[in-house]
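Student: The following comprises the amino acid sequence and a computationally predicted model.
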Amino acid sequence: MAPEKIRVGLLGLGIVGGGVARLLLDKKDRLSAYLGAELVLAKAADLEPARAQELGLDDSVFVDDAWPVVEDPEIDLIVETVGGLEPARSLVLAALNHGKGVATANKALLASHGVEIFQAARRHGVGISFEASVGGGIPLVRPLRDSLAANRINSCLGILNGTCNFILSRMTAAGEPFGKVLAEAQAKGYAEADPTFDIEGTDTAHKLAIVAALVTGAQPRLEAVPTEGITGITPLDIGYAGEFGFKIKLLAVLNNQGERVEARVHPALVPHDHPLASVDGAYNALHIDGDWVGQVLLYGKGAGRRPTASAVMGDVLELARDKLAGVPGRVPPLGTQADAGRRLELTPLDEAVCQYYCRFAAQDQPGVLAAIARELGEYGISIEKVTQKGRQDQGPVAIVMLTHTAREASLRRALKQIDALPVIAEPTVVIRVA
Ligand code: HSE
């Protein structure tokens, strides 16, 4: 009897797809031995034939149209690395409709259409796996989905964008401004030519929406996730935060208290002794707090051809194993509620409670600090630390402050009053403390 085969259809031969193709070819023997069946790259689709040539793909494997691949009855499972929303969404849904499990690295797609895609997979009894969509090569989706399933996950804090982490780490080490470091990151290939999605926090919000779905079983609307990027971060604030004992990181924050769920993306002060403070450069990490397991830190490369392809291949093997065993594929328990399209309701940002770093640009006059403290006091906000930087004959000075925990709405109201004071020269800089 001929040995069993699993035939893979690959959609997209870009950075990630190209990596998947090479990994499948280079490690075919190892992967097949693990599976107990031959794992074959049957078809690979891309609009650019040159990519297939560069990867050394056989002419019989390459096609320039993805549709026949998802419809081909000879293909067992699909890897989607096209990226973006369309045609990726339609191709994934078509593959599921044709009874093929899908591995995808597409975080934008899952963040926007996860519920629809998971429901389609469940309807057709096939798996949908997406380890590479969050944290690149870090095993993170499967731990949240399976290994930690016994836990109630109280919180997740993530550094999930390598571009931002590289930029902030470099600004911290070299004291250089955002624009200069971004240009350097682009020159080194760490940042895209158009880095908007990364530096504005959108990419991190996509990943957080997926993490929130895994933790709570329902997905927030992307528009409902408060998202701030790193373009306003200055070496000045990085320096003052450092003096207070913190690093500034772009964080994905998920606080899960059952009825109240907070999910947001913003720069935050992370204490030097927190595990995330030492995650530097282009690395990613997710810090998880579960009720039985306690604290877990998952760390590794969040992007790049080889780490991301490594994660996709774990998914391929999972889908292939289920196919060989003749069991329904794995689908996270999302969209299974009676009202299956239910979205995760997030607690409004105004109700968040945390500590704040504030930098006031104030005239160096008697009574200014007292005026600021009075306004904060009016709103019940107490000060933990304060320091004034420099003394000038003319122009504002920096008054840098760390508050005790306060409600976001109270802080915003107090700052509105403070920024209207004649002795305040510029809008106050506020950064939350993790
Ligand atoms: N652009 C992302 C990052 C990698 O900089 O981390 C892909 O998710």
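Tutor: Thanks, I have it.
Student: tell me the mean pLDDT over stretch 18-30?
Tutor: When pLDDT is averaged over stretch 18-30, the result is 98.
Student: near the ligand, which residues of the stretch 1-150 of the chain show up?
Tutor: Contact residues, the stretch 1-150 of the chain versus the ligand (Cβ under 6 Å from any ligand atom): none. In this view, the C-beta of every residue, glycine as well, is placed from N, C-alpha and C.
Student: Can you give the distance of stretch 142-157 from its chain's centre?
Tutor: On the basis of Cα atoms, centre = their mean, to the nearest Å, stretch 142-157 sits 16 Å off its chain's mean C-alpha point.
Student: Report the buried residues of that stretch.
Tutor: Arg142, Pro143, Leu144, Arg145, Leu148, Asn151, Ile153, Asn154, Ser155, Cys156, Leu157 (16 or more other Cβ atoms under 10 Å).
Student: what's the answer for stretch 208-223, then?
Tutor: Leu208, Ala209, Ile210, Val211, Ala212, Ala213, Leu214, Val215, Thr216, Ala218, Gln219, Pro220.
Student: out of those residues, who's near the ligand?
Tutor: Near the ligand, by the rule Cβ under 6 Å from any ligand atom, you find none of those.
Student: coming back round to it: what would the buried residues of stretch 142-157 look like in a markdown table with secondary structure, distance to Ala21 and pLDDT?
Tutor: Shown next, in a markdown table, are those (DSSP: H, G, I helix; E, B strand; the rest coil; distance: Cβ to Cβ, whole Å; pLDDT from 0 to 100):
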| residue | secondary structure | distance to Ala21 | pLDDT |
| --- | --- | --- | --- |
| Arg142 | helix | 23 | 96 |
| Pro143 | helix | 27 | 97 |
| Leu144 | helix | 28 | 96 |
| Arg145 | helix | 26 | 93 |
| Leu148 | coil | 32 | 96 |
| Asn151 | coil | 37 | 96 |
| Ile153 | strand | 35 | 97 |
| Asn154 | strand | 40 | 98 |
| Ser155 | strand | 38 | 98 |
| Cys156 | strand | 32 | 98 |
| Leu157 | strand | 35 | 98 |
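Student: low-confidence ranges in the stretch 151-300 of the chain?
Tutor: Judged against pLDDT under 70, the stretch 151-300 of the chain has no low-scoring part.
Student: Could you rerun that using 90?
Tutor: The model of the stretch 151-300 of the chain has pLDDT under 90 over residues 185, 188-193, 217-218, 258-259.
Student: hang on, the earlier thing: now the two most distant members of the buried residues of stretch 208-223.
Tutor: Leu208 and Ala218 (13.7 Å; Cβ to Cβ).
Student: re the thing from before, of all the buried residues of stretch 208-223, which comes closest to Ala21?
Tutor: Within those, proximity to Ala21 (Cβ to Cβ) peaks at Ile210, which comes in at 24.6 Å.
Student: export the buried residues of stretch 208-223 to JSON lines and tack on secondary structure?
Tutor: Putting those into JSON lines (DSSP: H, G, I helix; E, B strand; the rest coil) gives the following:
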{"residue": "Leu208", "secondary structure": "helix"}
{"residue": "Ala209", "secondary structure": "helix"}
{"residue": "Ile210", "secondary structure": "helix"}
{"residue": "Val211", "secondary structure": "helix"}
{"residue": "Ala212", "secondary structure": "helix"}
{"residue": "Ala213", "secondary structure": "helix"}
{"residue": "Leu214", "secondary structure": "helix"}
{"residue": "Val215", "secondary structure": "helix"}
{"residue": "Thr216", "secondary structure": "helix"}
{"residue": "Ala218", "secondary structure": "coil"}
{"residue": "Gln219", "secondary structure": "strand"}
{"residue": "Pro220", "secondary structure": "coil"}
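Student: Which of those residues sits closest to the ligand?
Tutor: Ile210 (11.2 Å; Cβ to the nearest ligand atom).
Student: which residues touch the closest one?
Tutor: Lys107, Leu110, Ala111, Gly114, Phe130, Ser133, Val134, Val141, Gln219 (Cβ atoms under 8 Å, 6 or more residues apart in numbering).
Student: hmm, 10 Å instead?
Tutor: Counting by Cβ atoms under 10 Å, 6 or more residues apart in numbering, Ile210 touches 107, 110-111, 114, 130, 133-135, 140-141, 144, 160, 219, 332, 334.
Student: roughly how far is stretch 396-403 from the heart of the chain?
Tutor: Taking the mean of its C-alpha atoms, stretch 396-403 sits 31 Å from the chain's own mean (Cα atoms, centre = their mean).
Student: Tell me the buried residues in that stretch?
Tutor: Pro396, Val397, Ala398, Ile399, Val400, Met401, Leu402, Thr403.
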